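J.: I would like to see how this sequence folds:
(one chain, ligands or ions: 2)
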Amino acid sequence: MPTHNHPLHAFDLRSVVLFTCLTMGGSSALMAQNASSNVPASSTQTAITPSEVFTRADLDRNGQLSRQEAQNLPAVAEQFDEWDRDGNGQLSLEEFLLNANKKQ
Ligand SMILES: [Ca+2]
Ligand SMILES: [Ca+2]
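T.: Ligands and ions are numbered 1, 2, ... in the order given. Just a heads-up that it's a prediction; the model follows:
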């Protein structure tokens, strides 16, 4: 029943868009409360590129992710030592992209 399927799909899509709006609105409120607007919301994290994730997580903008800054990215924090190839306690953009791209 393809003719019956189409309008149903359109309705589903609207619900998803509505849900996305609600989710993003909620995240913005959360971010405002957090007082750290540089931290990416998990809902938008998948939509932006790895280098954008890095830039947003690099709170002091020194081009390196410290272990503390990586706490905002649980997936990164978990494997911080693995990702920190030269073991200097900081993730450079190069180290970050190398592992972010490998992961995907
Ligand atoms: Ca930094
Ligand atoms: Ca490093």
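J.: quick one: residues contacting L93.
T.: 51, 54, 63 (CB atoms under 8 Å, 6 or more residues apart in numbering). Bear in mind the C-beta positions are built from the backbone N, C-alpha and C, glycine included.
J.: please apply the same query to E82.
T.: N99.
J.: sorry, back to before: buried among the contacts of L93? Make that a ChimeraX selection.
T.: Under the burial definition 16 or more other CB atoms under 10 Å, those of those that qualify are selected in ChimeraX by:
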select :54
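J.: which one among the contacts of L93 gets closest to D86?
T.: The shortest gap between D86 and any of the contacts of L93 belongs to G63, at 14.3 Å (CB to CB).
J.: okay if I get the contacts of L93 as TSV plus pLDDT and distance to L73?
T.: As requested, the contacts of L93 are arranged in TSV below (pLDDT from 0 to 100; distance: CB to CB, whole Å):
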residue	pLDDT	distance to L73
S51	95	13
F54	97	9
G63	97	16
